[in-house]
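Undergrad: next one to model:
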Amino acid sequence: MGLLFETRVSDSLWIDSVWTCRSERVAEMTSVATETLGLVFWEQDGTAYAGISGPESRCGTAPVPEGAAFVGVQFAVGTSLRAVAAPSLVDRGLLLPDVTSRTFWLAGARWETPRPDDVEALVDRLVRDGVLVRDPLVADALRGHRPAATERTLERRFRASTGLTRCAVRQIGRARTAALLLTAGECPSEVVDKLGYYDEPHLARALRRYVGRTARQLREGSGGAIALDPTQRTTS
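TA: Numbering: from 1, shown residues only. Modelled structure (predicted):
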């Protein structure tokens, strides 16, 4: 066994997904690029940890502590932490201090560590206290709406709230969707047509950069442990 992932979507406008994971006999995993930041909580050998996971501009490898149990939340695109500039978190994360099995410290206050079903309640409290902020202009642009802003303003808002360019956000989301479709059994040509890639080599380059797998590996489930749950939604 490797990584036992479970992921669910959320009704909250502030949350993209909530996930749990247990690691079994795996030293490292492929970390798929992501356009959002998140919070992650885990326990190993009776010690509790918490951290902020930043956006990742490309795939990489990450160590996995054996026998650890994780609870995590990925925020929706456009959601950021007021106290930490999103660009400073790109391709890195932060361990949070003074963590116990029940509480963690963030933005000058102590918060209750959530169970998987409590994540929305925690996020609601963070929003009420102004710890989490959201740029609706970014979210609207990703949904295809034409915002009342210049391209320069829109690009600046994307960089401020995600640390990434608007183009990078779209490319990362599309590559992850492609990976999930391939994992579900769709063939590369179908994915190319569905997601608007130029051709299969274009898809292959995107998968190599953002997912760290070939289309064949994704369809076969080979290549080792990867932070990609097939039950995630497959719409960008």
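Undergrad: now for the longest strand along the chain, which elements pack on it?
TA: Determined from DSSP state E, the single longest strand within the chain is strand 15-23. Under the contact criterion of 3 or more C-beta pairs under 8 Å, 6 or more residues apart in numbering; DSSP states H and E, strand 15-23 touches strand 3-9, strand 69-75, helix 119-128. (Glycine included, C-beta is placed from N, CA and C.)
Undergrad: strands along the protein, start to end?
TA: 3-9, 15-23, 28-31, 38-44, 47-53, 60-63, 69-75, 79-81, 93-95, 103-106, 109-112, 132-134.
Undergrad: the helix ranked longest in the chain: which residues count as buried?
TA: Ranked by number of residues, the top helix in the chain under DSSP state H is helix 166-183. By 16 or more other C-beta atoms under 10 Å, the buried positions in helix 166-183 come out as 166, 168-183.
Undergrad: could you give the angle of the longest strand of the chain to helix 119-128?
TA: With axes from the mean of the first three to the mean of the last three C-alpha atoms, to 10 degrees defining the directions, strand 15-23 sits at 130 degrees from helix 119-128.
Undergrad: residues making contact with strand 15-23?
TA: With C-beta atoms under 8 Å, 6 or more residues apart in numbering as the test, strand 15-23 has contacts from 2-10, 36, 64-77, 79, 116, 119-120, 123, 229, 232-233.
Undergrad: repeat for stretch 164-176
TA: For stretch 164-176, contacts defined as C-beta under 8 Å, 6+ apart pick out 32-35, 55, 57, 77, 90, 141-142, 154-155, 158-159, 162, 195-196, 206-207, 209-211, 228, 232, 236.
Undergrad: and the average pLDDT for that stretch is what?
TA: For stretch 164-176, the mean per-residue pLDDT is 95.
Undergrad: stretch 186-202 now?
TA: 96.
Undergrad: would you mind checking the contacts of stretch 164-176 for buried ones?
TA: For the contacts of stretch 164-176, buried by 16+ other C-beta under 10 Å: 32-35, 55, 57, 77, 90, 141-142, 154, 158-159, 162, 195, 206-207, 210-211, 228, 232, 236.
Undergrad: in helices, which of those fall?
TA: Filtering the buried ones among the contacts of stretch 164-176 for helices - DSSP H - leaves 141-142, 154, 158-159, 162, 195, 206-207, 210.
Undergrad: confidence-wise, which of these comes last?
TA: Sorting these by confidence puts residue 142 at the bottom, with a pLDDT of 83.
Undergrad: separation between it and residue 187?
TA: Distance, residue 142 to residue 187, using C-beta to C-beta, to the nearest Å: 27 Å.
Undergrad: so, low pLDDT: which residues of the protein?
TA: Scanning the chain for pLDDT under 70 picks out the ranges 1-2, 25-27, 229-236.
Undergrad: can you rerun that using 80?
TA: Within the chain, the stretches with pLDDT under 80 are 1-4, 23-28, 64-66, 144-148, 229-236.
Undergrad: next, the angle strand 15-23 makes with the longest helix of the chain.
TA: 50 degrees.
Undergrad: number of nearby residues for the residue nearest to residue 186 when sequence neighbours are not counted?
TA: Among residues not flanking residue 186 along the chain, residue 194 sits closest, at 7.7 Å (C-beta to C-beta, 6 or more residues apart in numbering). Neighbour count of residue 194, defined by other C-beta atoms under 10 Å: 13.
Undergrad: and for residue 41, the neighbour number?
TA: When neighbours are counted by other C-beta under 10 Å, residue 41 comes out with 22.
Undergrad: quick one: end-to-end length of stretch 172-192, please.
TA: Chord length of stretch 172-192, first to last residue, is 15 Å (C-alpha to C-alpha, to the nearest Å).
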